[in-house]
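K.L.:
Kindly generate the corresponding structure for this input.
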Amino acid sequence: MTEINYSDDILHRSSQILSHKDITFEKIFLPYWKQYFSKYKLNKVLEIGCGLGYLSKSLSSELGFLYALDKASDVISFAINHNFTSNIK
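P.N.:
Numbers count the residues shown, from 1 in each chain. Now for the predicted structure:
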């Protein structure tokens, strides 16, 4: 199985999210999941396909613990170095 290399897109995607230009993240994903987790008060969550970790970090205050997984090791490395908090593994 060949590993996907997202390195070329990481900085571009990151800058879109950080500048609030990623409308899908800002207007759909983040509000939906924040509302969902505040409604159900889940303590442990598994996020499959966490990507750069921005959603994980944004939701970490709503959860007791979050397990974040992604297939691409370079993406996980970015997430660990930039977006993980003490309750994300």
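K.L.:
Could you use CA atoms for every contact and neighbour count after this?
P.N.:
Fine.
K.L.:
what separates the host helix or strand of S14 from the chain centre, distance-wise?
P.N.:
According to DSSP states H and E, S14 maps onto helix 7-18. Put simply, helix 7-18 sits 13 Å off its chain's centre (CA atoms, centre = their mean, to the nearest Å).
K.L.:
now stretch 65-85
P.N.:
7 Å.
K.L.:
where exactly do the strands run in the protein?
P.N.:
With DSSP state E as the criterion, the chain has strands at 44-48, 65-69.
K.L.:
follow-up on the earlier one: alpha carbons only: can I get the helix holding S14 in PDB?
P.N.:
Once non-C-alpha atoms are left out, helix 7-18 reads as follows in PDB (Å, rounded to 0.1, in the frame of the first residue of the first chain):
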ATOM      1  CA  SER A   7       3.300  17.700   2.400                       C
ATOM      2  CA  ASP A   8       2.800  20.100  -0.500                       C
ATOM      3  CA  ASP A   9      -0.700  20.900   0.600                       C
ATOM      4  CA  ILE A  10      -0.200  21.100   4.300                       C
ATOM      5  CA  LEU A  11       0.900  24.800   4.500                       C
ATOM      6  CA  HIS A  12      -1.800  25.900   2.000                       C
ATOM      7  CA  ARG A  13      -4.600  24.100   3.900                       C
ATOM      8  CA  SER A  14      -3.300  25.300   7.200                       C
ATOM      9  CA  SER A  15      -3.200  29.000   6.000                       C
ATOM     10  CA  GLN A  16      -6.800  28.700   4.800                       C
ATOM     11  CA  ILE A  17      -8.100  27.500   8.100                       C
ATOM     12  CA  LEU A  18      -6.000  29.900  10.200                       C
END
